[in-house]
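Q: Sequence first, then the predicted structure, then my questions.
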Amino acid sequence: MSGPILIFDSGVGGLSVAAAIRRRLPTAALAYVCDNAMLPYGTKPDAWLVARIVAVCRAAVAAARPSALVVACNTASTLALAALREALSVPVVGTVPAIKPAAALSHSGHIALLATSATIDRPYTLGLIRDFAAGCRVHRLAADALVVQAERHLAGAPLDREVIAACLAPLWEDPELDTLVLGCTHFPLLRDALNRAAPRPVTWVDSGEAIARRVAQVVPAPQIIEGPGPAWVTAEAPGLAAALAGVGFAAPQCLDPSEAAAR
């Protein structure tokens, strides 16, 4: 029998991808790992991040014995997919900002990419814009504070609506903007709050469904759910345990990435 589908993120953002995978593969067994000890990734040097991401994922793959690894983090995907595919023997599915579908959905040709500072100016991201949205006006906006809001929200803390409004405010200077890409997997967790902060109707686009479709192709016969899915963290996080339990994962175990390196 194949192992679970292992979802990796720096924090809780991957839970939005887990939800999309569950909608497409409702009986599939899932596992989750987050490198919360090093959150946020956007403040770390690229070379250090690649080594860290590979170490955490190697340790998690050794623990979970999955059928595939889903890198549910835009920053990790734009930096470390090649290194992960070289280091691991399981299929690796990455995450990229949904520029292509957003460009197709926009009626005005004015779209925005809402992402973290670690993703917004990456060559990979700029290549997506060049290849799939060359005919559009694309506003790139870093919104790192929304990551913190998503983490707090799933831990049961109230959202700060003023912070959310301030993050989005520069977007509304363009009256023709009609489509926004949620270029961080944390952001779909705030969809309702983002909608409330928008002064007019807009279309929000994220990568969750596209990732789920790809996972279904890579793992055509996934392991069947048998109880809560296992989860791992790299630092103690009581609030995160509650968030994971709320979406069908077991209490997280502590993962030491150095153990995989020592094998």
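A: Thanks, I have it. Please read all numbers here as calculations on a predicted model, not as lab measurements.

Q: what's near enough to touch the residue nearest to the spatial centre of the chain?
A: Centrality entry for the chain: nearest residue to the mean C-alpha point is residue 185, 3.0 Å, by C-alpha atoms, centre = their mean. Taking C-beta atoms under 8 Å, 6 or more residues apart in numbering as the contact definition, residue 185 lies against 9, 13, 14, 16, 17, 72, 73, 74, 95, 206, 207, 208. Any C-beta I mention is one placed from the backbone N, CA and C, and that applies to glycine too.

Q: In helices, which of those appear?
A: Among these, the members falling in helices (DSSP state H) are 14, 16, 17, 74, 208.

Q: now, which of the residues you listed sits nearest residue 215?
A: Compare each of those with residue 215 using C-beta to C-beta and the shortest gap goes to residue 17, at 8.9 Å.

Q: Count the neighbours of the closest residue in space to the closest one that isn't next to it in sequence for me.
A: Spatial nearest neighbour of residue 17, excluding adjacent residues (C-beta to C-beta, 6 or more residues apart in numbering): residue 72 at 3.9 Å. Under the neighbour criterion other C-beta atoms under 10 Å, residue 72 is assigned a count of 31.

Q: got it, and residue 88?
A: The number of residues packed near residue 88 is 18, by other C-beta under 10 Å.

Q: quick one: contacts for it?
A: The contact partners of residue 88, taken as C-beta under 8 Å, 6+ apart, are 57, 58, 61, 69.

Q: Now for those residues: which two are most distant?
A: Comparing all pairs in the contacts of residue 88 by C-beta to C-beta, the longest separation belongs to 58 and 69, at 9.9 Å.

Q: The two: which is more packed in?
A: Residue environment comparison for residue 58 versus residue 69 gives the larger neighbour count to residue 69, 26 against 19, counting by other C-beta under 10 Å.

Q: So what touches the helix or strand harbouring that one?
A: For residue 69, the enclosing helix or strand under DSSP states H and E is strand 68-71. Outside strand 68-71, the residues that touch it by C-beta under 8 Å, 6+ apart are 5-8, 14, 17, 21, 57, 60-61, 77, 80-81, 84, 88, 90-95, 211, 215, 218-219.

Q: Could I get the full set of helices for the protein?
A: Along the chain, counting by DSSP H, helices occupy 14-24, 46-64, 74-87, 99-105, 117-120, 123-132, 145-154, 161-168, 191-197, 208-218, 238-246, 257-262.

Q: What are the neighbouring residues in contact with residue 50?
A: Taking C-beta under 8 Å, 6+ apart as the criterion, residue 50 is in contact with 79, 80, 83.

Q: got a pLDDT number for residue 263?
A: Predicted confidence (pLDDT) for residue 263: 46.

Q: Same check on residue 226?
A: Predicted confidence (pLDDT) for residue 226: 87.

Q: Please apply the same query to the one 3 residues further on.
A: Turning to residue 229, the model gives it a pLDDT of 95.

Q: Enumerate the beta-bridge partners assigned to the closest residue to it other than its chain neighbours.
A: In this structure, residue 229 finds its nearest non-sequential neighbour in residue 30, 4.5 Å apart by C-beta to C-beta, 6+ apart. The residues paired with residue 30 through beta bridges, assigned by DSSP bridges, are residue 5.

Q: Noted, bye for now.
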